[in-house]
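S.K.: have a look at this prediction, sequence included:
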Amino acid sequence: MVQARTGDKVKVHYEGRLGDGTPFASTAEHGPAEVTIGSHALIPAFEEAIIGMEPGESKTLTVVADDAFGPHHADLVKTIARQALALDEAPQVGERLSAIDPDGDSVAVVITDVSEDTITIDANHPLAGEDLAFDIILVEIR
């Protein structure tokens, strides 16, 4: 049987879980994900785990936070005055916004706290600081 190699376009089913077992992503409802191994569309450890797999093969992969989305950086959490944001609606915890960093680049942030006067935003990746586990099934090598 043919094994997946760097550069191959593959289809994979996967379920991702946090370290405590809470699911955070799955292809079960939407069909397999298509990715080119080595394109860096997925975290490197995930792509590396596919190398050498054969269609129909499955494996479980554990990735520590530093090798997944990195550590959670406290300096990327900011509390700002509520009036500093021009929002059309009342801000909600969990809402995703786009902000401009000091270099003028667009950064995705999540509102983590709202008070009468302030809003706390977090520019960390939502999975930063989390150890992850993936159940992977290689469906097809194209």
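M.R.: Okay, I see it.
S.K.: tell me how many other residues crowd Q83.
M.R.: 10 (other C-beta atoms under 10 Å). (Each C-beta comes from the backbone N, C-alpha and C, glycine too.)
S.K.: centre-most residue in this structure?
M.R.: L127 (5.8 Å; C-alpha atoms, centre = their mean).
S.K.: tell me the contacts of the residue nearest to it when sequence neighbours are not counted?
M.R.: For L127, ignoring the flanking residues on the chain, the nearest one in space by C-beta to C-beta, 6 or more residues apart in numbering is F69 at 4.5 Å. Shown in contact with F69 (C-beta atoms under 8 Å, 6 or more residues apart in numbering): I43, H125, L127, A128, G129, E130.
S.K.: need those in a markdown table (columns: distance to D8 and pLDDT).
M.R.: Listed next are those as a markdown table, based on distance: C-beta to C-beta, whole Å; pLDDT from 0 to 100:
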| residue | distance to D8 | pLDDT |
| --- | --- | --- |
| I43 | 18 | 92 |
| H125 | 27 | 93 |
| L127 | 26 | 94 |
| A128 | 29 | 95 |
| G129 | 32 | 95 |
| E130 | 28 | 95 |
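S.K.: just among those residues, which is most surrounded?
M.R.: Neighbour max across the contacts of F69 (other C-beta under 10 Å) = E130, 22 neighbours.
S.K.: and that residue, how close does it get to G7?
M.R.: 29 Å (C-beta to C-beta, to the nearest Å).
S.K.: all helices of this structure, in order?
M.R.: For the chain, the helices defined by DSSP state H occupy 44-50.
S.K.: pLDDT value on the residue of the chain most remote from its centre, please?
M.R.: Ranked by distance from the centre of the chain (C-alpha atoms, centre = their mean), the top residue is M1, with 31.6 Å. What the model reports as pLDDT for M1 is 77.
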